[in-house]
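# fold the following for me, if possible:
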Amino acid sequence: MVKQDEGLKRTVGTLGLSANIVNIIVGAGIFVLPAIIAGKMGTSSIISYIFCGILIALVVLCFAEAGTKVNNTGGPYTYIETAFGNYAGFLSGILAIGSNMIASAAVAIALLNILATIHPFFELAWARIGFLFILYSILAIINILGIKQGMRLVKINTLLKLSPLLILVIIGWKDVSIANLNIESFPSINELGESSLILFFAFLGCETGLIVGGEIKNPKRTIPRSIFISIGLVVLLYIGIQIVSQGVLGNELVNYKASPLAETAKVILGPFGYILITIGAAISMFGVISGDLLNTPRVLFALSRDKVIPVKKLSSIHKKFTTPHIAIIVYSVITYIIAITGSFEQLIIVATSSILLLYLGVALSVIKLRKSQKSEPGEFKIPGGLTVPILSILIILYFLSHLSTNEMVSAVLFIAILSIIYVFIHLFKKKKV
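Numbers count the residues shown, from 1 in each chain. Predicted structure coming up:
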């Protein structure tokens with residue numbers, strides 16, 4: 001059983017947690033996604049969004065129940081560790097940290113690439129290294145100063161990144177041609193599965209937003225509400241974006257795979273629209289990085305708190321700011337190094353499969369926690385017995401089955417290496433005792 005989060009303050013409410021989840025989910029992908037889905041599904045692409053919305057709803061229901069049963073800092077790691085013990089917790093914690101580090105580094109490089117299109121200064125190697133150092137240093141300082149400061153930045157980022165997308169959807173309706181939305185033929189099961197797999201990854205992020213569990217006010221009520229608000233908003237936003245971009249550009253949408261939303265905005269609002277969406281994309285990427293720096297270091301804190309990794313300093317709480325400052329600094333430094341070396345590119349496949357394995361662990365933990373823990377008043381419980389967790393498990397296994405042989409081998413090797421590391425850590429702790 002995980003220990004309590006001594007020293008952390010519960011200051012995150014429904015609005016803050018909802019913004020935190022939306023900020024992580026709505027990343028760089030949505031700015032290129034419509035063209036990719038249209039290329040696979042044509043005018044029937046909207047079916048993929050609805051189908052994927054249903055699938056992600058099943059998965060987040062598992063997060064909602066697990067999050068009210070286990071509401072300490074750590075998110076998916078804490079749920080899995082509580083249900084299955086230290087070994088499962090170690091694997092899930094490292095998988096969560098590793099995949100998020102890689103994603104943050106990737107988005108940081110993408111942000112630099114966007115800035116380089118604005119000014120060639122950002123193409124210089126020393127300028128990129130310096131910019132990333134300043135970026136990660138400032139974000140680390142903000143998050144060390146307090147959860148309120150970090151959450152305030154997340155709220156601002158969320159508002160700024162959603163604003164251009166909402167403007168595009170709301171104003172864009174007047175330029176939508178119904179003829180461009182006419183579904184000529186329905187997709188096959190394979191086509192629907194392939195496109196939904198891409199969209200499923202576009203919805204990832206709820207697990208990261210819940211890491212601040214030990215700092216959430218009234219978690220039994222706040223966590224389910226925030227999950228439903230954020231996922232509902234994201235599903236509606238994604239559907240609206242696809243309808244407008246498809247309705248405005250029609251068959252031409254697939255020709256703008258680099259920047260479909262910017263091209264859509266150019267038709268609707270002229271050159272200003274193109275600039276607005278480009279700036280929105282940069283803000284969105286910055287928001288993902290800042291959100292990651294707020295959330296993921298707390299998994300390092302939780303691993304140290306539960307003595308899953310033998311580094312006591314990582315669970316230190318700053319006396320004045322009541323934040324896990326050492327964990328934030330360590331996470332920021334490692335992520336910065338990954339970003340400037342670019343070595344993360346070889347690990348992207350492992351990262352994506354790792355997130356699916358995390359989701360699988362959470363769905364399984366719901367089943368285990370129902371058996372091992374008594375329900376308390378106010379806890380959220382998924383209706384329908386075990387139907388939703390079992391469906392979630394089957395869906396995740398379906399997605400994992402679509403990984404290539406090389407991807408599966410990479411994932412298995414990564415887990416094997418982590419298992420060996422865990423054994424050495426376990427032996428080291430035994431010797432110390």
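# does Ser44 touch Asn182 like I think?
No - in this structure, Ser44 is not within contact of Asn182 by CB atoms under 8 Å, at 9.9 Å. Placement of C-beta: from N, CA and C, glycine included.
# which one of the two has more residues nearby?
Set Ser44 next to Asn182 and count neighbours by other CB atoms under 10 Å: Ser44 wins out with 20 against 9.
# ok, the more buried one to Gly247 distance?
Look at Ser44 and Gly247: by CB to CB, to the nearest Å, they are 14 Å apart.
# could you name every residue contacting both of these two?
Common contact partners of Ser44 and Gly247 (CB atoms under 8 Å, 6 or more residues apart in numbering): none.
# what about the stretch 251-400 of the chain, any weak spots by pLDDT?
Low-confidence segments of the stretch 251-400 of the chain, defined by pLDDT under 70: 258, 342-353.
# switch to 80 and redo it
257-259, 310, 342-355, 373-379, 399-400 (pLDDT under 80).
# would you map the helices across it?
260-269, 271-295, 297-305, 325-341, 348-372, 387-401 (DSSP state H, counting those that start in this stretch).
# Throw those helices into TSV and include mean neighbour count and distance to Ala57, thanks.
Output for those, formatted as TSV (neighbours: other CB atoms under 10 Å; distance: least, CB to CB, whole Å):
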stretch	mean neighbour count	distance to Ala57
helix 260-269	23	25
helix 271-295	22	22
helix 297-305	28	25
helix 325-341	20	30
helix 348-372	21	13
helix 387-401	17	9
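# could those helices be laid out in TSV, adding distance to Thr208?
Shown next, in TSV, are these (distance: least, CB to CB, whole Å):
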stretch	distance to Thr208
helix 260-269	23
helix 271-295	5
helix 297-305	9
helix 325-341	12
helix 348-372	9
helix 387-401	17
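# so which of those is nearest Val412?
helix 348-372 (9.6 Å; CB to CB).
# run the angle between the closest one and helix 387-401 for me.
160 degrees (axes from the mean of the first three to the mean of the last three CA atoms, to 10 degrees).
# pull the distance from helix 348-372 to the chain's centre.
Its chain's average C-alpha position is 14 Å from that of helix 348-372, according to CA atoms, centre = their mean, to the nearest Å.
# next one: stretch 314-326
For stretch 314-326, the distance to the chain centre is 24 Å (CA atoms, centre = their mean).
# for that stretch, buried residues please.
Residues Leu314, Ser315, Ser316, Ile317, Phe321, Thr323, Pro324, His325, Ile326 are the ones in stretch 314-326 that count as buried (16 or more other CB atoms under 10 Å).
# and the two most separated of these?
Leu314 and Phe321 (16.1 Å).
# list the residues that contact the residue lying closest to Tyr256 once chain neighbours are set aside.
Distances taken as CB to CB, 6 or more residues apart in numbering put Glu263 closest to Tyr256, at 4.3 Å, once the chain neighbours are dropped. By CB under 8 Å, 6+ apart, the contact list for Glu263 reads Leu249, Tyr256, Tyr274.
# quick one, phi/psi of Gln373?
phi -120, psi 140 (degrees, to the nearest 10).
# any idea of the pLDDT on Ile239?
In this model, Ile239 is scored at 90, pLDDT.
# number of nearby residues for it?
16.
# hang on, it packs against Tyr49?
Yes - proximity of Ile239 to Tyr49 meets the contact threshold set by CB under 8 Å, at 4.9 Å.
# ok, now which ones touch the closest residue in space to Ile171 that isn't next to it in sequence?
In space, and not counting its chain neighbours, Ile171 is closest to Ile268: 5.9 Å by CB to CB, 6+ apart. Contact analysis of Ile268 by CB under 8 Å, 6+ apart lists Leu168, Ile171, Gly172, Asp175, Val248.
# okay, the last one and Ile30: tell me how far apart.
Translated: Val248. To Ile30, Val248 is 16 Å away according to CB to CB.
# more neighbours: which of these two?
Val248 (24 against 21).
# right, and the more buried one touches Lys266 too?
No - using CB under 8 Å, Val248 is not in contact with Lys266; the gap is 9.9 Å.
# helices of the stretch 51-200 of the chain, start to end?
Under DSSP H, counting those that start in this stretch, the stretch 51-200 of the chain gives helices at 76-84, 86-118, 125-144, 147-172, 189-202.
# need the winner for burial among the ones you listed.
helix 76-84 (a mean of 28; mean count of other CB atoms under 10 Å).
# OK, contacts around Val366?
Cys62, Glu65, Ala66, Ile382, Pro389.
# phi, psi of the fourth one?
With angles defined as degrees, to the nearest 10, Ile382 shows backbone torsions of phi -60, psi 130.
# good, wrapping up.
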